[in-house]
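Asker: Quick one: sequence plus predicted model below, questions after.
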Amino acid sequence: MIELVDIAYVRSGAADLAGAVRFATDVVGLEHVDGGEPGVAHLRADGRHHCLAFVEGASGVIASAFAVADPGALALAETELETRGFTVRRGSPEEARSRRVGEFVGFDDPFGNHIELVVGQQTLARPVRHGRGAGITEFGHLCLDAPDVAEAHRFWSTTFNARASDWIGDAACLMRIDEVHHKLAVFRGDGPGLCHVNFQVAELDDVFRNWHHLQDHDVVIEMGPGRHPQSGAVFLYFLGPEGLTYEYSYGVRRITDEAAWRPRFFDPAEPGSIDMWLGPTQKPLTQPQLVPEGLRS
Ligand SMILES: CC(C)c1ccc(C(=O)O)c(O)c1O
Ligand SMILES: [Fe+2]
């Protein structure tokens, strides 16, 4: 069993690199950390050097990365994945530099999502210079697509230390690797992909202020503001360039009594199972079946 200690970053292709960076800073509120690396832009939300990297090229996710504890744990993870039949590739020193990590390995999960395991992700001591005062405090979670959510859970919970916190039928599984209700989610999709990246904000007011800001700037709101019954967080999903969906959320649950927590099963057809406030979906999050019938717009 490989122990993931945190999420690290998402690396994504951007056909219009400047446009993707402009949106991530001026609209989302991330910091552009100028690394002087042509064709690569690093975006920062918290102490991590970056949690999102755009690489000039075809749009779409390149890798989703998780941290393991140390180089010994990474070497063991490499062996374990190979024993389980995965083809694992060690990143070159140059690739590691671009990711601001000490070392990393990459492999494809059973559905074709490219995953990187990293050690020594760089921390920046200075405060985040937010592109806009959106209230972002942290890179909250990443959500992958997979055609079979139960199978994806089996993979993440047997190969790794991920535990199901809650299920939304066979449409989604929310998994924790520490006390936070989920840092990894899997959402049913036709194939592999990145469903969304989540950023936590400091206050409830930030969600609503951001909602107005996004509307004022003609950003496509995909869902929200609403409240997820799973994590209890107030959320807002919106669409950025390159097809990347962002989520702001406030107030995610922490599971502090590990032994007492039992995953719950929410029926996606039941009103309120995604949004306790029963809000409409302006643009469905890829999968219309997630939105209860009658609430679909
Ligand atoms: C609809 C998606 C998969 C979802 C569901 C619930 C939560 C939450 O409880 O916070 C999310 O963050 C989601 O992205
Ligand atoms: Fe989410």
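Answerer: Cool, got the structure. Ligands and ions are numbered 1, 2, ... in the order given.
Asker: This structure against ligand 1: which residues are in contact?
Answerer: By the rule C-beta under 6 Å from any ligand atom, the part of the chain lying against ligand 1 is 143, 172, 174, 185, 187, 198, 228, 230-231, 233, 247, 249, 252, 274, 285, 290. C-beta here means a position set from N, CA and C on the backbone, and glycine is covered the same way.
Asker: Which of those fall in helices?
Answerer: The helices, defined by DSSP state H, take in nothing from those.
Asker: least confident pick among these?
Answerer: Lowest pLDDT within those is found at residue 290 (49).
Asker: residue closest to the middle of the chain?
Answerer: Most central in the chain under C-alpha atoms, centre = their mean is residue 142, positioned 1.3 Å from the mean C-alpha point.
Asker: can I assume it is in contact with residue 193?
Answerer: No - with contact defined as C-beta atoms under 8 Å, residue 142 does not count as touching residue 193 (11.4 Å).
Asker: buried residues in stretch 262-270?
Answerer: Counting neighbours by 16 or more other C-beta atoms under 10 Å, one finds that the buried residues in stretch 262-270 are 266, 268.
Asker: C-terminal to whatever helix or strand residue 137 lives in, what's the next element?
Answerer: Following DSSP states H and E, one finds residue 137 within strand 136-146. As assigned by DSSP H and E, the chain's next helix or strand after strand 136-146 is helix 149-159.
Asker: For the helix or strand just after that next one, which helices and strands make contact with it?
Answerer: Toward the C-terminus, helix 149-159 is succeeded by strand 163-168 as the next helix or strand (DSSP H and E). Packing contacts for strand 163-168, counted by 3 or more C-beta pairs under 8 Å, 6 or more residues apart in numbering; DSSP states H and E, involve helix 149-159, strand 172-176, strand 264-266.
Asker: Break down this protein into its helices, ranges please.
Answerer: 17-22, 71-83, 93-99, 149-159, 204-216.
Asker: Ligand 2: which of these is closest?
Answerer: Checking those against ligand 2 by C-beta to the ion gives helix 204-216 as the closest, at 13.1 Å.
Asker: Is the closest residue in space to residue 129 that isn't next to it in sequence bridged to anything, and to what?
Answerer: Leaving aside its chain neighbours, residue 129 sits nearest to residue 31 (4.7 Å; criterion: C-beta to C-beta, 6 or more residues apart in numbering). Counting by DSSP bridges, residue 31 forms beta bridges with residue 44.
Asker: check contacts around the nearest residue to residue 222 once chain neighbours are set aside.
Answerer: Among residues not flanking residue 222 along the chain, residue 237 sits closest, at 4.0 Å (C-beta to C-beta, 6+ apart). Residues near residue 237 by C-beta atoms under 8 Å, 6 or more residues apart in numbering: 196, 221, 222, 223, 224, 245, 246, 247, 285.
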